[in-house]
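Engineer: prediction below, plus the sequence it came from.
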Amino acid sequence: MNSEKSVGRMIGILSNQIKRQIDDSTSKNGLTPVQGRILYFIYKNWESKDVFQRDIENEFNLRRPTATGILQLMEKNGMISRDVVTYDARLKKITLTEKAINIQGLVSQCIEDLEERLTKDISEDELKVFFTVMNKISQNLDNTKWERILQLKLGL
């Protein structure tokens with residue numbers, strides 16, 4: 001396969017470019033890129049619904065230990081608090097601190113500017129096709145699906 005036509009290579013290049021852009025903006029605010037994206041996600045959702053660790057795990061496709069580590073560091077750095085909810089003592093909702101809310105405006109603006117740059121000169125129809133293709137690629141990489149295919153091929 002021609003390396004210029006490699007889907008994985010192109011996704012990797014774009015991923016690195018996006019990470020670099022986000023890193024530049026979030027590091028100025030004392031956050032890692034993933035912390036900046038998580039902060040943005042919490043901010044967009046926390047006033048309309050309770051946000052829990054599992055929401056972050058699902059949104060960012062993170063494993064539980066990874067999400068735990070990121071959130072513990074954010075808590076240690078005074079960005080979030082994790083508070084027990086009255087209806088289930090096992091759950092802790094994630095709340096932004098005043099410090100995070102102050103930083104959030106800058107992070108939001110950086111992310112929104114990046115989204116605008118990413119979609120410049122791309123039509124709604126092209127974006128629809130892009131998301132359809134990206135969802136299919138993501139489904140193709142779903143481990144449980146591939147494990148089942150392998151099991152069927154091996155007759156397990």
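Structural biologist: Nice, thanks for sending it over.

Engineer: going forward, measure contacts and count neighbours with C-alpha atoms only.
Structural biologist: OK.

Engineer: hang on, residue 111 packs against residue 23?
Structural biologist: No - using C-alpha atoms under 8 Å, residue 111 makes no contact with residue 23, being 10.7 Å away.

Engineer: ok, which stretches of this protein are strands?
Structural biologist: Applying DSSP state E to the chain gives strands spanning 80-85, 88-96.

Engineer: quick check, pLDDT for residue 98.
Structural biologist: Residue 98 is assigned 92 on the pLDDT scale.

Engineer: now distance to residue 43 too, for the strands of the chain, in TSV please.
Structural biologist: Below are the strands of the chain laid out as TSV (distance: least, C-alpha to C-alpha, whole Å):
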stretch	distance to residue 43
strand 80-85	11
strand 88-96	7
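
Engineer: take those strands and lay them out in TSV including mean neighbour count.
Structural biologist: Converted to TSV, those look like this (neighbours: other C-alpha atoms under 10 Å):
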stretch	mean neighbour count
strand 80-85	16
strand 88-96	15
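
Engineer: out of those strands, which gets nearest to residue 116?
Structural biologist: strand 88-96 (25.6 Å; C-alpha to C-alpha).
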